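Asker: pasting the sequence and the predicted coordinates here, then a few questions.
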Amino acid sequence: MRRVSPGLVVLRATGVLALVLLLWNPVTSRATAPDDQPIVLLDASLSMTSRWRAALDTARALAAGGGLVWRFGDRVAAFDTAPPGEGASHLAPALEAAAARGGQVIVVTDAALDDLAAIPPDLLRRPSVVVLARAPFFDAFVASVDGQRRVTSTDTVRLRVSYGTAGTREGGRGTGTATLVVSTDGRRLTTRRVVLPDSGILTTDITLPPSLVPRPGWQVLDVRLEDVNDAEPRDDARRFVINVSPQPAAVIFASPPDWETRFLARTLGDVARIPVKTFVETEPGRWRDAATLAPVGMAELRRAAQGARLVALAGDPERARAYVPSPPAALLVWPAARGPTGDWYVERPSPSPLTAALAGIAWDSLPPAVGAGETPRDTDVVTVLTARLARRGAARPIVTLDQRDGRRRATVAATGLWRWAFRGGAGEEAYRALVAALTDWLLGGGEGRRERAVPVALEVPNGVALGWRWTGVGDPRPVTIELQDGSALTRDTLRFDAAGRAELRLPPGDYRYSLGSPLERGVVVVEAYSDEWRPAAPVLTAQAGTAAGRVARIGLRDRWWLFAIAIAAFAAEWAWRRRQGLP
């Protein structure tokens, strides 16, 4: 018998070791040379308008020889020479994407960034920075306008206007006075003389009495600073959209007023998009307007209830029964619960006309109600929601519906549901869904939540996308939208993501939109105003950056010579064994 030679043992061990290494596949890292093609991040926010030509020339020069140019602002986009149009200066997303690609990164900006604090220090040291700062200038601006959006023609419109100054006037800080003008359709409604601060923002209240309230319908108020000698006029005005109706579509009587009433009034006007009037009984027999706390007489209470399509009685419903027509067109009764208090957990909805509208709510994650009272016990009453005390015992109805002689009534006998909205997030959406579903059923679909989509905000600054939220039944689906700005008509499609959000980018203008049905109409505004127009101190300085190449991770299976060694070792062993006559 022939002995195995040491050479065969070495070949077999070499082949087996190569196979083991290939199966294990250890990974090694090494730094590669910097990429010869730099990535230039060009600030395309509106604040770069005055320096745009210089910015384009700088970006082209830095990217000469095959480099890439990306635009950044509110989003990251491919390079083009169109004027800057982004309403924000967000560098972080573009810098993270460029750093992940590897190679040299160069930032061309005016250094007025919005998200510097969100960029990690090591990432911020990485790029080369070229600063093209704007020349100093003085600017007066209207920062914001806030107020009630849905009013009646007999209401007093109250606006809270914030205005201020920034920058430096020749010879020092700018001071003086200006005129705040509120107008609509070119017609002046009111003016007020205000004192401009040395710097910063001041706030003032402007009141429009009923005689100055615009005609019924969607109206756009223009709040403008006049008689100011500043270098930037595009931020001297803000727009505010209001909906004026001849009479309130919904009236709430609260006795006594509480948190439940406050959240109900706000949410009812928001989700149903109808004007809501709230009266509160602050003392026995004395009712007041909740918005102004002005005393209200019995005749006005009866007149408001008779003209409303929906009446809500909260707290002690019997305190306001005398002012409500019998029977009202639609009645929502939300009494303060007089039953056992504790943690009443709301269960999944029972089969009812509102089941589809309440689908998708995570009921187990909602805060419990603090009380559950009695609901009507008639045979024709439909139960919508039930609750159990501490998740044990018998379920008690807390939301019911009934209809008699064509008149609809809903009863909510739970206290503390306002905590759903107070927490925000899924709880707020559940509260909005419940109020919207009740309103929609009570109004018979006439002015409830029949809109498939609604705008997130009625006004957005220049360069910011208009956000839309899906409110229809079922999964979000594309919706065709028509937008009319004067005589110009534009058609587009709202495409919603999995969260039911869509965006639409439009140039500045007042747009009357329509989604197809008479109930799916309204007004949205893209303002000429932008925070980018205001002077801002640079938050980033020019720097050379740090050279950085890619870090390559290579496994042994990526090395061809290891396969060659294994094949050569086993092949040589086989040939040697054949020549020696070994098996």
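Answerer: Structure's in. What do you need? Residues are numbered from 1 along each chain as shown.

Asker: please make it C-alpha for all contacts and neighbour counts, starting now.
Answerer: OK.

Asker: which residues of the stretch 151-300 of the chain score low on pLDDT?
Answerer: Along the stretch 151-300 of the chain, the parts satisfying pLDDT under 70 run over 169-175, 247.

Asker: would you map the helices across it?
Answerer: Assigned by DSSP state H, counting those that start in this stretch, the stretch 151-300 of the chain shows helices spanning 259-272, 298-307.

Asker: tell me which of these sits nearest to W533.
Answerer: helix 259-272 (31.2 Å; Cα to Cα).

Asker: which elements pack onto the closest one?
Answerer: If contacts are counted by 3 or more Cα pairs under 8 Å, 6 or more residues apart in numbering; DSSP states H and E, helix 259-272 sits against strand 276-283, helix 418-423, helix 425-442.

Asker: buried stuff in that helix?
Answerer: 260-261, 263-265, 267-272 (16 or more other Cα atoms under 10 Å).

Asker: distance from the chain centre to it, please.
Answerer: With Cα atoms, centre = their mean, to the nearest Å as the basis, helix 259-272 stands 19 Å off its chain's centre.

Asker: ok, back up a step: in the buried residues of helix 259-272, find the pair that's most separated.
Answerer: It's E260 and A272 that sit farthest apart of the buried residues of helix 259-272, by Cα to Cα, at 17.4 Å.

Asker: could I get the helices of the stretch 151-300 of the chain as a markdown table with distance to L313?
Answerer: Formatted as a markdown table, the helices of the stretch 151-300 of the chain follow (distance: least, Cα to Cα, whole Å):
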| stretch | distance to L313 |
| --- | --- |
| helix 259-272 | 9 |
| helix 298-307 | 11 |
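
Asker: out of the ones you listed, which is closest to A568?
Answerer: Proximity of the helices of the stretch 151-300 of the chain to A568 was assessed by Cα to Cα; the nearest stretch is helix 259-272, lying at 75.7 Å.

Asker: what's the angle between the closest one and strand 276-283?
Answerer: 170 degrees (axes from the mean of the first three to the mean of the last three Cα atoms, to 10 degrees).

Asker: residues contacting D115?
Answerer: Neighbour list for D115: 89-92 [criterion: Cα atoms under 8 Å, 6 or more residues apart in numbering].

Asker: swap the cut-off to 6 Å and go again
Answerer: H90 (Cα atoms under 6 Å, 6 or more residues apart in numbering).

Asker: tell me which stretches of the stretch 351-500 of the chain form strands.
Answerer: 369-372, 382-389, 392-404, 407-412, 414-415, 453-455, 459-460, 466-470, 479-485, 488-494 (DSSP state E, counting those that start in this stretch).

Asker: which helix of this structure spans the most residues?
Answerer: In the chain, with assignment by DSSP state H, the single longest helix is helix 560-580.

Asker: any idea what the closest residue to P368 other than its chain neighbours is bridged to?
Answerer: Nearest residue to P368 in three dimensions, chain neighbours excluded: Y345, at 4.6 Å (Cα to Cα, 6 or more residues apart in numbering). Bridge pairing for Y345 (DSSP bridges) gives the partners R388.

Asker: how many residues are close by Y345?
Answerer: 24 (other Cα atoms under 10 Å).

Asker: you'd agree it is up against T386?
Answerer: No - contact criterion Cα atoms under 6 Å: Y345 and T386 do not qualify, at 8.4 Å.

Asker: and for those two, which residues touch both?
Answerer: With Cα under 6 Å, 6+ apart, Y345 and T386 have no common neighbours.

Asker: next, count neighbours for D485.
Answerer: So D485, with other Cα under 10 Å, has 14 neighbours.

Asker: what do you get for R51?
Answerer: By the measure other Cα under 10 Å, the count of residues near R51 is 15.

Asker: that one belongs to a helix, doesn't it?
Answerer: Yes - counting by DSSP: H, G, I helix; E, B strand; the rest coil, R51 falls inside a helix.

Asker: and it, how far is that from A140?
Answerer: Distance of R51 to A140, given as Cα to Cα, to the nearest Å: 21 Å.

Asker: with G102 instead?
Answerer: 43 Å.

Asker: these two: who's more crowded?
Answerer: A140 (31 against 19).

Asker: host element of the more buried one?
Answerer: Using DSSP states H and E, A140 sits within strand 138-147.

Asker: and the contacts of that strand?
Answerer: 158-169, 230-232, 235-237.

Asker: please pick the buried ones from those.
Answerer: If we count by 16+ other Cα under 10 Å, the contacts of strand 138-147 have these buried: 158-159, 161-169, 230, 235-237.

Asker: P6 is nearest to which of the strands of the stretch 351-500 of the chain?
Answerer: When the strands of the stretch 351-500 of the chain are compared (using Cα to Cα), the closest one is strand 488-494, at 76.4 Å.

Asker: so, low pLDDT: which residues of the protein?
Answerer: Using pLDDT under 70, the chain drops low at 1-4, 29-36, 169-175, 247, 327-328, 445-450, 547-553, 583.

Asker: go again using 50 as the cut-off
Answerer: With pLDDT under 50 as the threshold, the chain has low-confidence stretches at 1, 171-174, 445-449.

Asker: packing partners for the helix or strand containing L42?
Answerer: Using DSSP H and E, L42 falls within strand 39-43. The helices and strands touching strand 39-43, judged by 3 or more Cα pairs under 6 Å, 6 or more residues apart in numbering; DSSP states H and E, are strand 68-72, strand 105-109.

Asker: can you say which of the ones you listed is nearest to G339?
Answerer: strand 68-72 (58.4 Å).

Asker: give me the contacts around the closest one.
Answerer: Contact with strand 68-72 is made by 39-44, 77-79, as judged by Cα under 6 Å, 6+ apart.

Asker: ditto for stretch 487-503
Answerer: The contact list for stretch 487-503 (Cα under 6 Å, 6+ apart) reads 465-470, 476, 478-483.

Asker: please repeat the previous calculation with a cut-off of 10 Å.
Answerer: Defining contact as Cα atoms under 10 Å, 6 or more residues apart in numbering, one finds that stretch 487-503 is touched by 453, 455-456, 464-472, 475-484, 504, 511-515.

Asker: cool, and stretch 557-569?
Answerer: 8, 10-27, 556, 571, 573-574.
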